[in-house]
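> any chance you can model this:
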Amino acid sequence: MCESSEVAIQAELTFSASDLAQMRFAVSPMWEITPGFRLLTCAAPHPVHRRWVEQVRPRVAAAGLDGGWLAELIPPAGYVPDFLNPAPAGPAPTLAAELAAIRAAPVDRVRQDLDHLRHHQGDLGPRLRALYADPRRRLVRLTEEIEAYWETALAPYWARIRAVLDADVLYRARQVAERGVGHFFNELHGSVRWDDNALRLVRKRRTLSRGTAGAGLLLIPSAFTTSALRTRVTPPDPPQLAYPARGVGALWEPRPVSGTAALAAVLGRSRTLLLTELEAPASTTELAHRTGLSTAGVSQYLTALRHAGLVSAHRAGRSVLYARTAAAESVLAAAAG
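Numbers count the residues shown, from 1 in each chain. Next up, the predicted model:
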C-alpha cells in the first residue's frame with residue numbers, strides 16, 4: 001500500500017445549527033488528481049484501479065509527468081500540501097476554477113504548507129525550493145503541469161468518474177433527507193461516528209476541531225481515495241472531508257454494449273463501431289488498428305461524433321485521446337433497451 005497507516009488519534013468536530021446549515025457536498029477534480037497521482041506511483045497497482053493504472057501510467061511517463069512538480073508535491077504516503085485542494089466554491093467546480101484558486105493561494109500559506117511537507121519528508125526537491133522562493137511565478141508552472149496531467153490521466157475518463165461521484169452525492173443526500181445527519185455520518189465510513197452534536201473521527205494523523213477549522217463542512221466523494229478519509233483544515237475555509245465514493249469497485253469494469261444494430265441504423269455502422277470501441281480512451285491510430293478502418297476514415301467519423309457531443313478529445317503528449325461522453329453513455333444505454 002502506498003498510503004501510510006493512521007495512528008489511533010480521535011478528532012472531534014462539533015456542530016452548531018449554523019454549521020449544519022452550511023454543510024454541503026461538492027465534486028472536485030483536484031481531490032481526484034492528488035490521490036490518483038499517488039496510485040500511479042505505487043509499485044503494485046491498486047486492485048480496484050489496476051485497469052486505469054495500466055492504461056494511464058505509460059502515457060504519464062511518456063509525457064514526463066511522473067518526475068515533475070507533482071512527483072515532488074505528492075509523496076507515496078503522508079502529507080499533501082493543503083493549497084492543492086482549495087475549497088470548492090460550488091457543488092462542481094471546473095478544473096480551471098480550482099487551478100485559478102491554486103494560483104491565487106496566499107504566499108504565506110504556500111510556504112507554510114511546504115514547511116510542513118519538509119518536516120515530514122526531511123527535505124524539498126529542487127522544484128519545491130524554487131516554489132518556496134517565488135510562489136507567484138512557480139504556481140503558474142505548477143498549474144500548467146496539473147492541467148497537462150489532467151488531460152492525460154483523468155479528462156478522458158471524467159464522464160465515467162463523474163457519474164459515480166454524482167450518484168454517490170444523490171445517495172448520501174437522500175440518506176440525510178430520509179434518516180437524518182446522524183445516520184448519514186454513521187454510515188459514511190468506519191472511522192466516523194456522530195455523537196452528541198459532534199463528528200468524531202478515529203485513526204487520523206491530523207488534529208481536527210472546530211477551534212482550528214472554519215464553519216460548516218464540505219463533503220467530497222472521491223473515486224481515488226481508497227481507504228482512509230482525507231481532510232483539509234485551513235481556516236477560514238470550511239473543513240473538507242474526502243471519503244471513498246460508493247460504486248468505485250465497478251468503475252473500471254468493462255460494460256458490454258448491446259443494441260448496436262438499432263444504433264447503427266441512426267449513426268451508421270462505422271460511427272457505432274467506434275463508440276463501442278471507446279470503452280477505454282484511444283487514439284485515432286489505435287482505433288484504426290482495432291477496427292480495420294482507415295486512419296483518415298476514423299478521423300472523419302470521430303470529428304462528426306465530437307460535433308454531436310458524443311466524443312471528447314484530450315491532448316496526451318504528442319497524441320490525442322478520444323473518449324465517450326456522458327451523452328454517448330446514455331445513448332448506448334438507451335439502445336441496449
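
> and residue 307, how many neighbours?
As a burial measure, residue 307 scores 9 neighbours (other C-beta atoms under 10 Å). To be clear about C-beta, it is placed using only N, CA and C from the backbone, and glycine gets the same treatment.

> what is the burial count for the nearest residue to residue 124 once chain neighbours are set aside?
Nearest residue to residue 124, sequence neighbours excluded (C-beta to C-beta, 6 or more residues apart in numbering): residue 118, at 5.2 Å. Residues lying near residue 118 (other C-beta under 10 Å) number 14.

> what's the spacing between residue 118 and residue 85?
Distance of residue 118 to residue 85, given as C-beta to C-beta, to the nearest Å: 19 Å.

> same deal with residue 200?
Here the criterion is C-beta to C-beta. By it, residue 200 lies 23 Å from residue 85.

> these two: which has the busier surroundings?
More crowded of residue 200 and residue 85, by other C-beta under 10 Å: residue 85, with 25 against 18.

> from residue 325, how far out is that one?
Residue 85 is 26 Å from residue 325, by C-beta to C-beta.

> now residue 197. Nearest residue, chain neighbours left out?
In space, and not counting its chain neighbours, residue 197 is closest to residue 15: 5.3 Å by C-beta to C-beta, 6+ apart.

> then residue 187?
Excluding the flanking residues, the one nearest residue 187 by C-beta to C-beta, 6+ apart is residue 175, at 6.6 Å.

> next, that neighbour: phi, psi?
The phi and psi values for residue 175, taken as degrees, to the nearest 10, are phi -60, psi -50.

> and residue 220, by the same measure?
Backbone phi and psi, for residue 220 under degrees, to the nearest 10, turn out to be phi -130, psi 110.

> hang on, isn't it packed against residue 30?
No - with contact defined as C-beta atoms under 8 Å, residue 220 does not reach residue 30; the gap is 9.6 Å.

> the more surrounded of the two?
Between residue 220 and residue 30, counted using other C-beta under 10 Å, the more crowded position is residue 220 (27 against 20).

> got the domain boundaries for this structure?
Under the assignment automatic domain parsing, the domains of the chain span 11-249, 260-336.

> need the ones you listed in TSV (columns: mean pLDDT).
Listed next are the domains of the chain as TSV, based on pLDDT from 0 to 100:
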stretch	mean pLDDT
domain 11-249	91
domain 260-336	90
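
> who touches stretch 249-262?
Contacting residues not belonging to stretch 249-262 are listed as 48-52, 160-161, 164, 223, 272-273, 275-276, 279, 332, 335-337 [C-beta atoms under 8 Å, 6 or more residues apart in numbering].

> redo that, cut-off 10 Å
Under the contact criterion C-beta atoms under 10 Å, 6 or more residues apart in numbering, stretch 249-262 has outside partners 47-55, 157, 160-161, 163-164, 223-224, 245, 263, 267, 269, 272-273, 275-277, 279-280, 324, 329, 331-337.

> same deal with stretch 127-142?
Counting by C-beta under 10 Å, 6+ apart, 68-73, 81, 83-84, 99, 102-111, 113-115, 117-118, 121, 123-125, 145 sit against stretch 127-142.

> show me which of these are buried.
Listed as buried from the contacts of stretch 127-142 are 68-73, 81, 83-84, 99, 102, 105, 110, 113-114, 117, 124-125, 145; burial here means 16 or more other C-beta atoms under 10 Å.

> so what's the residue lying closest to residue 72 once chain neighbours are set aside up against?
Leaving aside its chain neighbours, residue 72 sits nearest to residue 125 (3.9 Å; criterion: C-beta to C-beta, 6+ apart). Residue 125 makes contact with 67, 68, 69, 71, 72, 73, 117, 131, according to C-beta under 10 Å, 6+ apart.

> how about those residues in CSV, adding distance to residue 234 and secondary structure?
As requested, the contacts of residue 125 are arranged in CSV below (distance: C-beta to C-beta, whole Å; DSSP: H, G, I helix; E, B strand; the rest coil):
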residue, distance to residue 234, secondary structure
67, 28, helix
68, 25, coil
69, 20, helix
71, 23, helix
72, 21, helix
73, 16, helix
117, 15, helix
131, 18, helix
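
> quick revisit: mind checking how far the residue nearest to residue 124 is from residue 298?
Look at residue 118 and residue 298: by C-beta to C-beta, they are 49 Å apart.

> please apply the same query to residue 38.
Applying C-beta to C-beta, the value for residue 38 to residue 298 is 35 Å.

> which of those two has more neighbours?
Higher neighbour count among residue 38 and residue 298: residue 298, with 25 against 22, using other C-beta under 10 Å.

> so that one lies in a helix, does it not?
Yes - under DSSP: H, G, I helix; E, B strand; the rest coil, residue 298 sits within a helix.

> that one against residue 270, yeah?
Yes - counting by C-beta atoms under 10 Å, residue 298 sits close enough to residue 270 to count as a contact (8.3 Å).

> list the buried residues for the helix or strand where residue 148 lies?
In the assignment (DSSP states H and E), residue 148 maps to helix 135-149. Going by neighbour count (16+ other C-beta under 10 Å), the buried part of helix 135-149 is 135, 138, 139, 142, 143, 145, 146, 148, 149.
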